[in-house]
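Participant: okay, here's the prediction I keep looking at, along with the sequence it came from:
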Amino acid sequence: MAMPRGRIRGFVRRPTPQELSELGATEHLSLTPREAEQYAQILDRTFAGVDRLDELHAPTPPLTYTDRDPGGPVDDTEDPFHAFIRRCHVKGAPGGPLAGLTVGVKDNLAVAGVPVTNASRTLSYTPTSDAVVVSRLLAAGADVTGKTNLDDFSTSGTGESSWYGPARNAVDPTRSAGGSSGGSGSAVRSGAVDLAIGVDEGGSARIPASFNGIVSIKPTQGLVPSHGLTYMDHTIDAVCPMAGTVELTARMLDVMSGHSDRDPQWVRGTAEPTNAVAALGEGVAGLRIGVVTEGRDPALCEPGVLAALESSCAALEAAGATVTPVSIPLWTDAWAIETTLLMHLAWLNAQSDGAGYAHLGEVDVERTHAFGLVRRLEADSFPPFFKVWLLGGRYLHDKYFSTYFAKAANLRRALTAQLDAAFAGFDLLLTPTTPQVAPVLLDRPAEDPELLARGTTMVSNTCVLNLTGHPALAVPSGVDPETSMPASIQIIAPRWQDALTFRAGAVVEDAAGVMPGGITAQPATRPEPQPAGSR
């Protein structure tokens, strides 16, 4: 019979009465010396229960696919677009719907045995289990062949904040690959991988899809499990498939989607896997499509982007859809709402050392420990957006008693209701994915104010759907004649009707054509590589 470990003393060091007095003050409690002594004794007994947790171990799923090479960093010759932080190899199943395909995993998602850096100079961490989506892709036959570059802690839209240097656009390496999942976008467009996983909190997978001329979908909130992610907030985080075609993206979504009890996202009901591939050939005849007026404002969108939108609308009409304008009044206020929420939610998530509160999913204890060390010992190395959230969230919490969080939460509900009301008259909604094509990257170091100003110019149409939870598919819609860079449209469906977006996406792709892979601008034309950690 197995004997208990019988630890001689518990791990949790007991607080002194003086420490409790100081802790009480931070919680607006005025403990008398006698009360502090009493609560020290009470907590001594209470923490005996906490000590017991060190004797108990919750089971974690075993690794099914153990043929793993953690690999290492790559040089510019191997990776001319800075798409990867690390090349590795994890062999998937010998058969399945994705057999023989390679996948790059954004480096804020867990692949067991491969370090997670979050593209930050702070402490990296090596997980011992795979993110749910990684497990599902391996089971479907895909091989993981790299961890892709991203903005530092996923906090911008250009890629320029990555500690490893920005990923470069595979169409024109002098331009941004987008953010925060820029490495995933350039890896797919350049042909370095067949598939990639992005993560989207305000457009962070759809923006790189738009800038690189590939396809991605931000699924319905809760459809794709986010377990294994370096979280921002469980109501906003979205793990997204990215691929070169609508069909490959649909195949990825079908594999990645569906309920997992390891998922920290909370949804009403159990999410069923999609069958988006089956919808590809159904066409759009009879569908009612609304073009969001606020999302196509000429004061916001570049002419080439609007021209590509009009071409896509014409293709959808020619295929039998009815395309008419629709107004979503709160659309233009979505970024103000999300910024207010993120200052509270990201700050609160940081207080839990990255685990988040009030969810029933699996928590990676080692990741929580690592984040806790980073937050306390290396916070000065956090990227500028993270610092804004920490400072702004604490200030609004302390000085305004979280009333702005409450206002933003209610406005989020109102915005969601406006989209739901629009779907009473339309089957799909349409906007440009980003209002501009990929901007030219900075060729010099920049201070935080400039990085902050550059990092959100592209989120106006994408961030809306992170707030409302509706699915949004980004599909190439053409090429801007002035810059020769890709343009993209965003196809939005009612919640849980993700497959419907692919019906329209296939029509647009047929009209615009599949964007060619491979290098279209020689690496020698880009600026000289910057040292690791440069901006």
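Facilitator: Perfect, I can see it now. Just so it is clear, the structure is predicted and the values come from calculations on it, not from any experiment. Numbering: from 1, shown residues only.

Participant: for Leu429, give me phi and psi.
Facilitator: Backbone dihedrals for Leu429, given as degrees, to the nearest 10, come out at phi -120, psi 160.

Participant: the nearest residue to it once chain neighbours are set aside - how many residues pack around it?
Facilitator: What sits nearest to Leu429 in space, not counting adjacent residues and going by C-beta to C-beta, 6 or more residues apart in numbering, is Ile492, at 4.1 Å. C-beta coordinates here come from the backbone N, C-alpha and C atoms, glycine included. Applying other C-beta atoms under 10 Å, we find 29 residues neighbouring Ile492.

Participant: start the count at 221 instead of 1 going forward.
Facilitator: Sure, I'll start numbering at 221, so the last one becomes Ile712.

Participant: I'd say Ile712 and His690 touch.
Facilitator: Yes - counting by C-beta atoms under 8 Å, Ile712 sits close enough to His690 to count as a contact (5.5 Å).

Participant: which stretches of the protein form strands?
Facilitator: Ranges of strands within the chain are 288-292, 304-310, 322-326, 363-368, 415-420, 435-438, 458-463, 508-512, 542-546, 648-652, 692-699, 706-712, based on DSSP state E.

Participant: any chance of TSV for these, columns mean pLDDT and distance to Leu631?
Facilitator: Putting the strands of the chain into TSV (pLDDT from 0 to 100; distance: least, C-beta to C-beta, whole Å) gives the following:
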stretch	mean pLDDT	distance to Leu631
strand 288-292	98	45
strand 304-310	98	37
strand 322-326	98	30
strand 363-368	98	34
strand 415-420	98	21
strand 435-438	98	20
strand 458-463	98	20
strand 508-512	98	18
strand 542-546	98	20
strand 648-652	98	19
strand 692-699	98	19
strand 706-712	98	19
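
Participant: turn the ones you listed into JSON lines, including distance to Leu357.
Facilitator: Putting the strands of the chain into JSON lines (distance: least, C-beta to C-beta, whole Å) gives the following:
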{"stretch": "strand 288-292", "distance to Leu357": "14"}
{"stretch": "strand 304-310", "distance to Leu357": "10"}
{"stretch": "strand 322-326", "distance to Leu357": "6"}
{"stretch": "strand 363-368", "distance to Leu357": "7"}
{"stretch": "strand 415-420", "distance to Leu357": "8"}
{"stretch": "strand 435-438", "distance to Leu357": "15"}
{"stretch": "strand 458-463", "distance to Leu357": "9"}
{"stretch": "strand 508-512", "distance to Leu357": "31"}
{"stretch": "strand 542-546", "distance to Leu357": "35"}
{"stretch": "strand 648-652", "distance to Leu357": "28"}
{"stretch": "strand 692-699", "distance to Leu357": "19"}
{"stretch": "strand 706-712", "distance to Leu357": "24"}
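
Participant: deepest-packed of the ones you listed, please.
Facilitator: Burial among the strands of the chain, expressed as mean neighbours by mean count of other C-beta atoms under 10 Å, is greatest for strand 435-438, which shows a mean of 34.

Participant: rewinding a little: tell me the contacts of the residue nearest to Leu649?
Facilitator: Residues in contact with Ile712, defined by C-beta atoms under 8 Å, 6 or more residues apart in numbering, are Leu639, Leu648, Leu649, Leu650, Thr651, Leu685, His690, Pro691, Ala692, Leu693, Thr721.

Participant: report the two of those residues separated the most.
Facilitator: Between all members of the contacts of Ile712, the longest pairwise span (C-beta to C-beta) is found for Leu639 and Leu693 and amounts to 15.2 Å.

Participant: how far away is the spatially most central residue of the chain from Thr375?
Facilitator: Against the mean C-alpha coordinate of the chain, by C-alpha atoms, centre = their mean, the closest residue is Val419 at 2.2 Å. Spatial separation of Val419 from Thr375 under the definition C-beta to C-beta, to the nearest Å is 12 Å.

Participant: what touches both of those two?
Facilitator: Between them, Val419 and Thr375 share the neighbouring residues Ser400, with contact defined by C-beta under 8 Å, 6+ apart.

Participant: so, low pLDDT: which residues of the chain?
Facilitator: By pLDDT under 70, the low-scoring segments of the chain are 221-230, 737-755.

Participant: and the contacts of stretch 589-597?
Facilitator: In contact with stretch 589-597 (C-beta under 8 Å, 6+ apart) are residues Thr342, Leu343, Tyr345, Thr450, Ala570, Asp573, Gly574.

Participant: tell me how far the nearest residue to Gly316 once chain neighbours are set aside lies from Ala498.
Facilitator: If the residues on either side of it in the chain are set aside, Gly316 comes closest to Gly361, at 3.2 Å by C-beta to C-beta, 6+ apart. As judged by C-beta to C-beta, Gly361 and Ala498 stand 19 Å apart.
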